[in-house]
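*Asks:* only geometry, no sequence info:
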């Protein structure tokens with residue numbers, strides 16, 4: 001027979017130990033600091049060992065508390081992952097796809113109607129985050145730009161991420177060779193400062209530096225390019241629809257690999273999830 005402590009006490013202690021504060025643990029657990037203190041006290045009585053030293057300016061872990069917390073954090077993380085795995089085995093077919101905001105707007109959302117017309121029984125959620133947003137346990141899968149190495153995750157390559165300058169069609173008519181970019185405003189993306197130097201080097205152009213306005217995301221830079229502000233570094237597949245529709249133009253034939261690719265990323269236990277398998281089949285064929 002297992003002799004287990006109260007789960008509420010364990011959660012209260014682990015949160016307080018991780019945050020180094022009863023108040024911050026209370027915020028995480030949506031209870032009062034007094035409740036956290038009481039639960040920790042009951043746990044200490046059950047274990048017959050002090051886990052915290054109560055000090056005038058707060059609390060500090062005892063050696064026993066220091067030994068207890070790391071293992072509990074791992075166990076609670078595993079419990080959360082296992083719970084999510086079991087939850088996805090229910091009859092409800094929910095698909096949560098994590099993508100960056102530009103990928104959502106420029107590629108996924110315009111094609112989402114096609115997926116839903118093929119899979120009407122799947123409840124689709126789009127979750128967005130920044131370029132460096134961590135993979136969330138709430139996601140069924142994500143579409144992420146990277147090198148294919150995500151510890152603890154499966155990654156399947158989807159699209160190349162080629163780079164080529166783009167701008168409004170009227171401006172493109174004035175750009176005959178890459179050297180003409182010396183007189184153009186080159187729009188920059190804050191999280192990808194290497195794009196312009198990489199492309200200019202491949203195009204054999206020297207002496208040109210991208211010093212135009214800096215935007216937070218590719219989507220903002222592409223919108224600025226469409227509005228005639230300057231030349232943006234386009235990345236596929238973000239630019240494909242705009243090029244096809246004539247909203248943007250690529251004045252040069254030079255297109256180079258970014259050095260990373262787009263991957264479908266997911267946890268291994270999702271592999272047989274019906275909603276995920278339907279999306280994986282669809283996204284592999286989507287253009």
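*Replies:* Now that the structure is in, tell me what you want to look at. Bear in mind that the values here come from a model prediction, so they are computed numbers and not experimental data.

*Asks:* Model confidence score at residue 91, please.
*Replies:* Looking at residue 91, its pLDDT stands at 49.

*Asks:* I meant residue 282, not that one.
*Replies:* With respect to pLDDT, residue 282 scores 95.

*Asks:* What helix or strand is it located in?
*Replies:* Using DSSP states H and E, residue 282 sits within helix 274-285.

*Asks:* What of residue 224?
*Replies:* helix 218-226.

*Asks:* before we move on, what about residue 163?
*Replies:* Assigned by DSSP H and E, residue 163 falls in strand 154-166.

*Asks:* follow-up on the earlier one: which strands or helices does the helix holding residue 224 pack on?
*Replies:* helix 101-103, strand 188-189, strand 232-235 (3 or more C-beta pairs under 8 Å, 6 or more residues apart in numbering; DSSP states H and E). C-betas here are computed from N, CA, C, even on glycine.

*Asks:* List the buried residues in that helix.
*Replies:* Going by neighbour count (16 or more other C-beta atoms under 10 Å), the buried part of helix 218-226 is 218, 219, 220, 221, 222, 223, 224, 225, 226.

*Asks:* Test my guess that the last one contacts residue 246.
*Replies:* No. The pair formed by residue 226 and residue 246 falls short of the contact definition of C-beta atoms under 8 Å, at 10.4 Å.

*Asks:* At which residues are the helices of the stretch 1-150 of the chain located?
*Replies:* 7-19, 22-29, 33-47, 63-87, 101-103, 109-118 (DSSP state H, counting those that start in this stretch).

*Asks:* Output the buried residues of helix 218-226 in JSON lines; the columns should cover pLDDT and distance to residue 178.
*Replies:* Compiled in JSON lines, the buried residues of helix 218-226 are given as follows (pLDDT from 0 to 100; distance: C-beta to C-beta, whole Å):
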{"residue": "218", "pLDDT": "93", "distance to residue 178": "20"}
{"residue": "219", "pLDDT": "93", "distance to residue 178": "24"}
{"residue": "220", "pLDDT": "95", "distance to residue 178": "24"}
{"residue": "221", "pLDDT": "96", "distance to residue 178": "18"}
{"residue": "222", "pLDDT": "96", "distance to residue 178": "19"}
{"residue": "223", "pLDDT": "96", "distance to residue 178": "23"}
{"residue": "224", "pLDDT": "97", "distance to residue 178": "20"}
{"residue": "225", "pLDDT": "97", "distance to residue 178": "16"}
{"residue": "226", "pLDDT": "96", "distance to residue 178": "21"}
